[in-house]
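S.K.: Give the three-dimensional model of this entry:
(one chain, ligands or ions: 1)
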Amino acid sequence: MTEQSPALDNLLTESRTFPPSDEFAAQANAKADLYAEADADREAFWAKQAERLTWDTKWTTVLDWTNAPFAKWFVGGKLNVAYNCVDRHVESGHGDQVAIHWVGEPGDTRDITYAELKTEVSKAANALASLGVTAGDVVAIQLQMVPEAIFAMLACARIGALHSVVFGGFSPTALRARVDDAAAKIVITSDGQFRRGKAAPMKANVDEALEGAETVEKVIVVKRTGDKLEGEVPWTDSRDLWWHELVDGQSEEHTPEAFDSEHPLFILYTSGTTGKPKGILHTSGGFLTQTAYTHHNVFDHKAGEDVYWCTADIGWITGHSYIVYGPLANRVTQVVYEGTPNTPHEGRHWEIIQKYKVSIYYTAPTLIRTFMKWGAEIPEKYDLSTLRVLGSVGEPINPEAWIWYRENIGANKTPIVDTWWQTETGAIMISPLPGVTAAKPGSAQKALPGISAKVVDDQGNEVGPGGGGYLVLDKPWPSMLRGVWGDEERFKETYWSRFSEQGFYFAGDGAKYDNDGDVWLLGRVDDVMNVSGHRISTTEVESALVSHPTVAEAAVVGATDPTTGQGIVAFVILRGNAADGGEAAIQELRNHVAKEIGPIAKPRQIMVVPELPKTRSGKIMRRLLRDVAENRQVGDVTTLADSSVMDLISSGLKSGK
Ligand code: 6R9
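M.R.: Now for the predicted structure:
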């Protein structure tokens, strides 16, 4: 079974519950009978959810699971995803409704109505088509949170091209690996981005990434920082185009073509247990159905009334599913914010909530803990009374943070939805329903209506109340991944081989039932760390470290961190002739990892050690290193090939070597 960290242990002793108020329950989108309805006939239930969308051709079969684990949902159906997120709202008379209240970091703002969104997306679609982009092509997007990022994604969807969004903080090396893996034809980026009040280059990094990249024909550059950016924007005349020059002159008319329900919508890379990120593939009809369904029910979203804000970045799945697709399909009015939460001051989020009267706010535990650190007196200064639903995603939320969130942001009354899901699941899977569930701080509680999840032991048998094991999904769901880009074997191996006999999807998370049968997520059981809600594999960081000339060997663990959930702690053995492991050398290694992967992967701490603890078969025992990283008594060392290694490590560290 999974090793529990102390922080998670105390989470299981939480016993308070918070039922919704009668008032909230009465007006809620989701009522308790949704569970029974879904249980009675799952496929009929999902067919009904798919009716939220506008289909060009209706499907003939709800689910084809004959070629498991490759699912097909709404087989034979045809739709255009961008039409569903944009045009149909204009056609139904809501063209003047604001789709996006965009807030730039320096304070500039832009309100974009659905009519304007339709124009922008149509022009961008025409622009891509003019460059020869057609259905099935891959467009890589590395952009900060500017409206063009959303226009670009929807423009791809509109013409049937796949987008592959690469988080803006990823290094040139990481971008290049993703561009090559998917053979991207176009890259969309910006000149620079505002970060904590400063303009930092983007295009220069993209150029570095694309040196010699053979598949890339054009690079489209959104002008964002302009003359605020120091130095020239590097430019290749034959390849580079300014977004405004390319897009502005395009026709505002674009007829969306209907694509098959299973037409690929996007690829999004995520860390797995090996060093190479996996391109998770999502398709159209099922993905949009489940993101729209969950956005409606989990956030209790009311079109035309609510103002919604999901603080994720579009570089992650949360941004795809809960900024772009689900919300826009549901005719949301939402805030999109470009910057960091403490620029120019630590009340920025609350100021934005007050200004736009945000009613639904969806963020990550790491940020909630940061807000806690900054102090409750900051949100106190703002009017947050419009908030009526709060959400959390990305990692287990500790009860303390949950309670703080409810008391200080939610006026002690808003329901909190702790939503468990993954890049691979595409949409929320386990979560309370805000008008139904008596919420328990720290638990994601129950699979949503239409979804089936179980906690099982090593043999795949469901554990009883109070029991712990692995989280599995035992029935296919509409927004499930359809594969790993270009690697069928890896798809089967990673997700479907662990419980192949039972045909369960293995999520990679440890979980536990409490005595009421509610699910508590306990963190990853594989070598994937969760830092501020971002998945980073230990192997990825290890290979970045050993690619540095001074490093002979490296082992990386995720150690419990009060703010970021986990922090990256690396143990390195330096080469014989290498530097002494002093401050400067360590700093260089940290920077090296940032350069190889991105600043989010920078180890919190690097310890130089003489040896690493290994089993007789040569496997690094990360459990023991985690003990050291978390300042605990080192656990059982009997399976080590050389049991004195841990003494060597501990004494070396104590003497500061
Ligand atoms: C949406 C997203 C997925 C991993 C997942 C799990 C962790 C996400 C959680 C949670 C406990 C929650 N995770 N939400 N753990 N409670 N509410 O975060 O996708 O970036 O792919 O990460 O995040 O470990 O397996 P992704």
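S.K.: What is the neighbour count of residue 626?
M.R.: Look at residue 626: counted by other Cβ atoms under 10 Å, it has 20 neighbours. Yep, even glycine has a C-beta here, placed from its N, CA and C like the rest.
S.K.: what helix or strand is it on?
M.R.: Secondary structure from DSSP states H and E places residue 626 in helix 622-629.
S.K.: Check the offset of that helix from the chain's centre.
M.R.: Its chain's average C-alpha position is 27 Å from that of helix 622-629, according to Cα atoms, centre = their mean, to the nearest Å.
S.K.: which secondary structure elements does the helix or strand following it contact?
M.R.: Once helix 622-629 ends, the next helix or strand along the chain (criterion: DSSP H and E) is helix 645-654. When contacts are defined as 3 or more Cβ pairs under 8 Å, 6 or more residues apart in numbering; DSSP states H and E, helix 645-654 sits against helix 622-629.
S.K.: So what touches the helix holding residue 626?
M.R.: 3, 527, 538, 555, 557-559, 569, 571, 605, 607, 612-613, 632-635, 637, 640, 646, 649-650, 653 (Cβ atoms under 8 Å, 6 or more residues apart in numbering).
S.K.: So what angle separates the directions of that helix and helix 645-654?
M.R.: Put simply, helix 622-629 runs at 30 degrees to helix 645-654, going by axes from the mean of the first three to the mean of the last three Cα atoms, to 10 degrees.
S.K.: For stretch 392-408, list the C-alpha coordinates in CSV.
M.R.: Extracted C-alpha coordinates of stretch 392-408, given in CSV (Å, rounded to 0.1, in the frame of the first residue of the first chain):
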residue,chain,number,x,y,z
SER,A,392,-10.5,23.3,-5.1
VAL,A,393,-8.4,21.1,-7.5
GLY,A,394,-4.9,19.8,-8.0
GLU,A,395,-4.0,18.0,-4.8
PRO,A,396,-5.6,16.9,-1.6
ILE,A,397,-6.7,19.9,0.4
ASN,A,398,-5.9,19.7,4.1
PRO,A,399,-8.8,20.3,6.4
GLU,A,400,-7.1,23.4,7.9
ALA,A,401,-6.9,25.1,4.5
TRP,A,402,-10.4,23.9,3.6
ILE,A,403,-11.8,25.5,6.8
TRP,A,404,-9.8,28.7,6.3
TYR,A,405,-11.1,28.9,2.7
ARG,A,406,-14.7,28.5,3.8
GLU,A,407,-14.4,30.9,6.8
ASN,A,408,-12.4,33.7,5.2
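S.K.: Average pLDDT for that stretch, rounded please.
M.R.: Stretch 392-408 comes out with an average pLDDT of 94.
S.K.: and it, anywhere near the ligand?
M.R.: Yes: on the criterion Cβ under 6 Å from any ligand atom, stretch 392-408 is in touch with the ligand at 393, 394, 395, 396.
S.K.: Need the three-state assignment for the residue nearest to the first one when sequence neighbours are not counted.
M.R.: Here the nearest residue to residue 393 in space, its sequence neighbours aside, is residue 419; by Cβ to Cβ, 6 or more residues apart in numbering that works out to 4.9 Å. The three-state assignment at residue 419 reads strand, by DSSP: H, G, I helix; E, B strand; the rest coil.
S.K.: Would you reformat the residues of stretch 392-408 next to the ligand as TSV and include secondary structure, distance to residue 45 and neighbour count?
M.R.: TSV is the format used below for the residues of stretch 392-408 next to the ligand (DSSP: H, G, I helix; E, B strand; the rest coil; distance: Cβ to Cβ, whole Å; neighbours: other Cβ atoms under 10 Å):
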residue	secondary structure	distance to residue 45	neighbour count
393	strand	24	26
394	coil	28	23
395	coil	29	22
396	coil	28	26
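S.K.: Reformat the residues you listed as a markdown table; add distance to residue 520.
M.R.: Shown next, in a markdown table, are these (distance: Cβ to Cβ, whole Å):
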| residue | distance to residue 520 |
| --- | --- |
| 393 | 16 |
| 394 | 16 |
| 395 | 13 |
| 396 | 8 |
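S.K.: Can you pull out the residues in contact with stretch 322-331?
M.R.: Stretch 322-331 is contacted from outside by 52-53, 81, 84-86, 89, 94, 97, 99, 114, 150, 153-154, 287-288, 291-292, 294-296, 301, 303-304, 308, 310, 312, 314, 334, 336, 362, 427, using Cβ under 8 Å, 6+ apart.
S.K.: and these, which of them are in strands?
M.R.: Assigned to strands by DSSP state E, the following of the contacts of stretch 322-331 qualify: 99, 308, 310, 334, 336, 362.
S.K.: neighbours around the fifth one, how many?
M.R.: Other residues lying near residue 336 total 24 when counted by other Cβ under 10 Å.
S.K.: swap in the fourth one?
M.R.: Residue 334 is flanked by 24 other residues according to other Cβ under 10 Å.
S.K.: Wait, it touches residue 308, no?
M.R.: Yes: the pair residue 334 and residue 308 qualifies as a contact (Cβ atoms under 8 Å) at a distance of 4.5 Å.
S.K.: to the chain's geometric centre, what's the distance from the longest helix seen in the chain?
M.R.: For the chain, the longest helix by residue count, based on DSSP state H, is helix 114-130. Put simply, helix 114-130 sits 26 Å off its chain's centre (Cα atoms, centre = their mean).
S.K.: buried stuff in the helix or strand just after it?
M.R.: Going down the chain from helix 114-130, the next helix or strand is strand 138-141, by DSSP H and E. Neighbour-count burial for strand 138-141, counted by 16 or more other Cβ atoms under 10 Å, picks out 138, 139, 140, 141.
S.K.: how about the strands in the stretch 151-300 of the chain?
M.R.: 162-165, 186-190, 192-195, 198-201, 218-222, 240-242, 259-260, 264-270, 278-283 (DSSP state E, counting those that start in this stretch).
S.K.: Just the CA trace of stretch 37-56, in PDB.
M.R.: This file holds the C-alpha atoms of stretch 37-56, laid out as PDB (Å, rounded to 0.1, in the frame of the first residue of the first chain):
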ATOM      1  CA  GLU A  37     -31.000   8.400 -12.400                       C
ATOM      2  CA  ALA A  38     -27.400   7.700 -13.600                       C
ATOM      3  CA  ASP A  39     -27.300   4.300 -11.800                       C
ATOM      4  CA  ALA A  40     -30.500   3.200 -13.400                       C
ATOM      5  CA  ASP A  41     -29.100   3.500 -16.900                       C
ATOM      6  CA  ARG A  42     -25.700   5.000 -17.300                       C
ATOM      7  CA  GLU A  43     -25.700   5.200 -21.100                       C
ATOM      8  CA  ALA A  44     -29.200   6.900 -21.200                       C
ATOM      9  CA  PHE A  45     -27.900   9.300 -18.500                       C
ATOM     10  CA  TRP A  46     -24.900  10.300 -20.600                       C
ATOM     11  CA  ALA A  47     -27.000  10.500 -23.800                       C
ATOM     12  CA  LYS A  48     -29.100  13.000 -21.900                       C
ATOM     13  CA  GLN A  49     -26.000  15.000 -20.900                       C
ATOM     14  CA  ALA A  50     -24.900  15.000 -24.500                       C
ATOM     15  CA  GLU A  51     -28.100  16.900 -25.300                       C
ATOM     16  CA  ARG A  52     -26.500  19.900 -23.700                       C
ATOM     17  CA  LEU A  53     -24.500  20.200 -26.900                       C
ATOM     18  CA  THR A  54     -25.700  21.100 -30.300                       C
ATOM     19  CA  TRP A  55     -25.000  18.200 -32.700                       C
ATOM     20  CA  ASP A  56     -24.900  18.500 -36.400                       C
END
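S.K.: Contacts for that stretch, please.
M.R.: With contact meaning Cβ under 8 Å, 6+ apart, stretch 37-56 is reached by 59, 62-63, 73-74, 77-80, 83-84, 88, 258, 285, 288-290, 292-293, 296, 329-330, 449-450, 475, 478.
S.K.: Residue 74 belongs to a helix, doesn't it?
M.R.: No: counting by three-state DSSP, residue 74 falls outside a helix, being strand.
S.K.: ok, it - how many residues close by?
M.R.: Around residue 74 there are 29 residues (other Cβ under 10 Å).
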